[in-house]
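Enquirer: Give me a model of this one.
(2 chains)
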Amino acid sequence: MSPIKTRFAPSPTGHLHVGGARTALFNFLLARRTGGKFLLRIEDTDRERHVEDAVPKIIDDLRWLGLEWDEGIAVGGPAGPYRQSERLNIYKGYVRALLDAGKAYYAFETSEELDALRKQAEAEKRSFRYPRPERLPGAGDAERAAAQGRPLVVRLLNPGRDVTIRDDAFGEVTVPATEQDDFILAKADGFPTYHLANVVDDALMGITYIMRGQEFLGQTWRHVLIREALGFPEPGYCHLPLIMDMQGRKLSKRDGDVDVHSFRRHGYLPEALVNFIALLGWRPTGDREKLTLDELIAEFGVDRLGKSNAKFDRDKLLAFNTDAAAAASEDRLLAGFRDYLSLNDTPVPSGDEAMLRLLLRINAGFRTFADIVTKCGVLFAADDAFEYDAKAVEKVLRKGDGAGFAVLADLRPRLAEVDWTPQAIQTLLDGYCQSSGLGMGKVAQPIRVAVTGSTISPPIYDTLTILGREKTLARIDRCIGRFK
RNA sequence: GCCCCCAUCGUCUAGUGGCCUAGGAUAUCAGGUUCUCAUCCUGGAGACAGGGGUUCGACUCCCCUUGGGGGUACCA
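Expert: Okay, the predicted model is just below:
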């Protein structure tokens, strides 16, 4: 397999979303798989949509996922700069060359005029195509138009032939000449269009393989035409089926909660997200579906890509995360948990490594880091800073003539004296069960409700150990005083 | 409207003419383990969109219908 050079070329409109993450992942995998290079380029030719903070966010998201690039923004390389807004002169040169070669021409219509033509075409039930003028405007016409304050754009002189794209996922796709027109290469604001900049950069940066979302498949004919007009070598093409939301709508960047960063902040592990999105539109051989990044690199190939769109199923992602957490080493989890805590405001003491490790251990089986905090946060809150769940108090403490309160009253003095270790507390409670004839459920639950306000917490011995004797007794007293 | 693409359990998918009484995962349902929750274990239910062909034989090949998606920008 010869080395392939791929790129991920996002437009900086915000955080990386899962669709972009998958495109980046597949490009990364293919480059690694073939011993090639993976490049990161920023396509910011739209000044309207540009979001200032987006580039560092995207960089951060990609690194969190573990998708390191060999060349491009933030790491440099021989073909920079890697931000299109810093390459305007390069594009201008190519547009000039196309103009000089008679392969492109000027046009002066305003957006309003174009819209009117479009509406007219629609009314006549024709599909709109830019009407090429009988006589192509030259430099003199351009000057005159500019002097009149008209917008000045450059359009490609379409050679007018069918274009066939050989796509490694979808096969051969032909766009007939009748469906094409003289599209814009250079906008009135002096910026190139996406199409022009994209093709020029891919060629200049030595990209040999283009893998991107299927939304570009129907536009690839434009890229083919530009590339041929400029005499650039032909790259391989591969379009990816789209990722949809559960309603079947296209996953949108406006959906903030499908951002990679949002999953990070909600306590997901990057390896789980990577593994999960790798399976959207691609499948490894066999029934196996849990793969590490390295295994993905070893397995990846465009031959196992699908063609139909995939829906983003959060439930399955959650299950993947649960499994990934269970499979991760404690050190790995510690790093992830710290990252999670640094991104969220929680009562958990993030600086206490021993405590963090303990929380990780006693919460084994957790689904996301967020679960640990919801379950254990109350242990770090002030004694009067949490609420009692009314139903829990009723069911566990009051029910059966206040049986739960009786247990608390029995245990209160013993807890005041026992050694404060999980083992000692367990021995105490086991002994109490024996002598009282009660099951552990009847003993642990009243304590749990008294000290946490709810029926949910880590194992009772661990819960009490973390809480400490003083807080445990104070909370029991407060609970009895308030509800009995 | 026009152009293009797609079509197996709710979801992600395996399946490349006979290995399919259609497999796995997830979700779901029913049990089980457990001091609660989560985890974990066992079992169940659940799909080839419809109609025509081709073939000795179609989930697999062809056509039509239907459904879904994308494109049709001086957005990427």
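
Enquirer: drop to CA atoms for contacts and neighbour counts, all remaining ones
Expert: Noted.

Enquirer: Next one: stretch A:396-404, is it in contact with RNA strand B?
Expert: No - in this structure, stretch A:396-404 remains apart from RNA strand B according to CA under 7 Å from any atom of the strand; the gap is never smaller than 10.2 Å.

Enquirer: What segments of the stretch 201-350 of chain A are helices?
Expert: Read by DSSP state H, counting those that start in this stretch, the stretch 201-350 of chain A holds these helices, from start to end of the chain: A:220-230, A:260-265, A:270-278, A:293-299, A:314-327, A:330-343.

Enquirer: For the residue of chain A most remote from its centre, what are phi and psi?
Expert: No residue in chain A sits farther from the centre than residue A:435, which is 55.2 Å out by CA atoms, centre = their mean. Comment: the main-chain dihedrals of residue A:435 come out as phi -70, psi -30, following degrees, to the nearest 10.

Enquirer: Quick check: pLDDT value at it.
Expert: At residue A:435, the predicted lDDT confidence score is 88.

Enquirer: how near is it to residue A:389?
Expert: Here residue A:435 is placed at a distance of 30 Å from residue A:389 (CA to CA, to the nearest Å).

Enquirer: Can you add mean pLDDT, mean neighbour count and distance to RNA strand B and give the helices of the stretch 201-350 of chain A back as JSON lines?
Expert: Formatted as JSON lines, the helices of the stretch 201-350 of chain A follow (pLDDT from 0 to 100; neighbours: other CA atoms under 10 Å; distance: least, CA to the nearest atom of the strand, whole Å):
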{"stretch": "helix A:220-230", "mean pLDDT": "97", "mean neighbour count": "19", "distance to RNA strand B": "9"}
{"stretch": "helix A:260-265", "mean pLDDT": "96", "mean neighbour count": "20", "distance to RNA strand B": "17"}
{"stretch": "helix A:270-278", "mean pLDDT": "98", "mean neighbour count": "22", "distance to RNA strand B": "8"}
{"stretch": "helix A:293-299", "mean pLDDT": "96", "mean neighbour count": "16", "distance to RNA strand B": "13"}
{"stretch": "helix A:314-327", "mean pLDDT": "97", "mean neighbour count": "17", "distance to RNA strand B": "3"}
{"stretch": "helix A:330-343", "mean pLDDT": "97", "mean neighbour count": "17", "distance to RNA strand B": "15"}
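
Enquirer: Residue A:420: which of those is closest?
Expert: Ranking the helices of the stretch 201-350 of chain A by their distance to residue A:420 (criterion: CA to CA) puts helix A:330-343 first, at 25.0 Å.

Enquirer: Quick one: distance of the closest one to the chain centre.
Expert: 18 Å (CA atoms, centre = their mean, to the nearest Å).

Enquirer: what's the answer for stretch A:108-119, then?
Expert: Averaging C-alpha positions (CA atoms, centre = their mean) puts stretch A:108-119 37 Å from its chain's average.

Enquirer: quick one: average pLDDT of it?
Expert: The predicted model gives stretch A:108-119 an average pLDDT of 91.

Enquirer: quick one: buried residues of it?
Expert: Buried residues in stretch A:108-119, defined by neighbour count with 16 or more other CA atoms under 10 Å: A:108, A:117-118.

Enquirer: just stretch A:142-151 next, same as before
Expert: Using 16+ other CA under 10 Å as the burial criterion, the residues of stretch A:142-151 that qualify are A:142, A:145, A:150-151.

Enquirer: quick one: which of those residues is nearest to residue A:184?
Expert: residue A:151 (12.4 Å).

Enquirer: For that closest one, give me phi and psi.
Expert: Main-chain torsions, residue A:151, degrees, to the nearest 10: phi -70, psi 150.

Enquirer: ok, it touching residue A:106?
Expert: No - assessed by CA atoms under 8 Å, residue A:151 is found out of contact with residue A:106, at 10.0 Å.

Enquirer: circling back: okay, the helices of the stretch 201-350 of chain A in JSON lines with distance to residue A:464 next?
Expert: Compiled in JSON lines, the helices of the stretch 201-350 of chain A are given as follows (distance: least, CA to CA, whole Å):
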{"stretch": "helix A:220-230", "distance to residue A:464": "63"}
{"stretch": "helix A:260-265", "distance to residue A:464": "29"}
{"stretch": "helix A:270-278", "distance to residue A:464": "32"}
{"stretch": "helix A:293-299", "distance to residue A:464": "40"}
{"stretch": "helix A:314-327", "distance to residue A:464": "24"}
{"stretch": "helix A:330-343", "distance to residue A:464": "22"}
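
Enquirer: So which of those is nearest residue A:445?
Expert: Minimum separation from residue A:445 across these (CA to CA) falls at helix A:314-327, 26.0 Å.

Enquirer: Go ahead and name everything in contact with that closest one.
Expert: A:268-269, A:271-273, A:275-276, A:333, A:364-368 (CA atoms under 8 Å, 6 or more residues apart in numbering).

Enquirer: Repeat the analysis, applying 6 Å as the threshold.
Expert: Taking CA atoms under 6 Å, 6 or more residues apart in numbering as the criterion, the residues outside helix A:314-327 that touch it are A:272, A:367.

Enquirer: ok but residue A:388 is inside a helix, no?
Expert: No - residue state for residue A:388 (DSSP: H, G, I helix; E, B strand; the rest coil) corresponds to coil; a helix is not indicated.

Enquirer: how about the residues of the stretch 1-150 of chain A that lie near RNA strand B?
Expert: Within the stretch 1-150 of chain A, the residues that sit near RNA strand B (CA under 7 Å from any atom of the strand) are A:9-11, A:43-46, A:49, A:108-111, A:114, A:118, A:122, A:125-129.

Enquirer: ok, how many other residues are close to the spatially closest residue to residue A:483 that is not a sequence neighbour?
Expert: Once flanking residues are discounted, residue A:483 sits nearest to residue A:393: 7.9 Å by CA to CA, 6 or more residues apart in numbering. Other residues lying near residue A:393 total 23 when counted by other CA atoms under 10 Å.

Enquirer: Please tell me how far residue A:393 sits from residue A:451.
Expert: Separation of residue A:393 from residue A:451 (CA to CA) stands at 11 Å.
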